[in-house]
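Undergrad: below are the sequence and a predicted model; questions follow.
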Amino acid sequence: MSRSAKSAPQPPAENSSAAGTPTKVGGKGRPTPSRKEAEAAARARAKTPRSRKEIAAANRKARESASAKVREAYRTGDETHLPSRDRGPVRRFVRDYIDVRFSFIELLLPLMVVVLLLGFVPSESVRASSEILLLGVMLFIVLEMVFLRMKLRKELKARFPEADLKGTTYYAISRAMQMKFMRLPKPQRKIGDALGENYR
């Protein structure tokens, strides 16, 4: 073989090792995915609902999961999953302010049930006495609601001077009218507990 034949330059190889994974000529134009990537893609496709029935089942499961989180938040007081009306330091303080004090307001509903039952008693005097008692208690409760609003607004303005206090009176009274074991979110403080200074 001649010297010129030995020194002839060799043509560069296509898709050298510097380019990474060699590409098959006439192929798909992209590297073949690894087995791990293929299995991950297959799992993702399997998880994606395809039919209307699967979509409905996935939506139902998502709603059940969200409802479970809300129920747990109502029990523990965790604000992450509470409805927007119960979130924030102002609403948390209102709940604690109501829960640490005993109020005759929460006796209104049980008393109304008692008066309703007494209405079936054949004695006219018993029915009349129960109605007078109900009117007297309702008047007392209305006065207590007025004082509750005044005291609560004073506390809120002192603790949250820049906060929007709209709706706090209704929020407080509606909670106070419920028996303690019926309140949601569940009370996190007992009657007589001292309220902290920092609610932010």
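TA: Received it, and whenever you're ready, just let me know what you need. These figures come from a predicted structure and were not determined experimentally. Residues are numbered from 1 along each chain as shown.

Undergrad: from now on I want contacts and neighbour counts done on CA atoms only, so please keep to that.
TA: OK.

Undergrad: below-threshold pLDDT in this structure: ranges please.
TA: Residue ranges of the chain with pLDDT under 70: 1-33, 42, 44-50, 200.

Undergrad: and the helices in the chain, which stretches?
TA: Counting by DSSP state H, the chain has helices at residues 3-6, 35-47, 52-76, 89-99, 108-118, 124-159, 168-176.

Undergrad: out of those, deepest packed?
TA: Mean neighbour count (mean count of other CA atoms under 10 Å) peaks for helix 89-99 among the helices of the chain, with a mean of 20.

Undergrad: which other helices and strands contact that helix?
TA: Counting contacts by 3 or more CA pairs under 8 Å, 6 or more residues apart in numbering; DSSP states H and E, helix 89-99 packs against helix 124-159, helix 168-176.

Undergrad: pipe those into JSON lines and attach distance to Arg87 per row.
TA: What follows is the helices and strands packed on helix 89-99, written out as JSON lines (distance: least, CA to CA, whole Å):
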{"stretch": "helix 124-159", "distance to Arg87": "15"}
{"stretch": "helix 168-176", "distance to Arg87": "12"}
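
Undergrad: quick check: which of those is nearest to Ala56?
TA: helix 168-176 (36.0 Å; CA to CA).

Undergrad: okay, the angle between the closest one and helix 124-159?
TA: Here helix 168-176 points in a direction 130 degrees away from that of helix 124-159 (axes from the mean of the first three to the mean of the last three CA atoms, to 10 degrees).

Undergrad: need the residues that contact helix 168-176.
TA: 91, 94-95, 98-99, 103, 105-106, 145, 149, 153, 183 (CA atoms under 8 Å, 6 or more residues apart in numbering).

Undergrad: and with 10 Å instead?
TA: For helix 168-176, contacts defined as CA atoms under 10 Å, 6 or more residues apart in numbering pick out 85-86, 90-91, 93-99, 101-107, 145-146, 148-150, 152-153, 156, 182-185.

Undergrad: stretch 112-121 now?
TA: Residues beyond stretch 112-121 that count as contacts (CA under 10 Å, 6+ apart) turn out to be 108-111, 126-134, 138.

Undergrad: and which of those is nearest to Ala62?
TA: Closest to Ala62, out of all of the contacts of stretch 112-121 and judged by CA to CA, is Leu109, at 36.6 Å.

Undergrad: you'd agree the closest one is up against Ile141?
TA: No. In this structure, Leu109 is not within contact of Ile141 by CA atoms under 10 Å, at 11.3 Å.

Undergrad: okay, and the common contacts of the two?
TA: Counting by CA under 10 Å, 6+ apart, the shared contacts of Leu109 and Ile141 are Met177.
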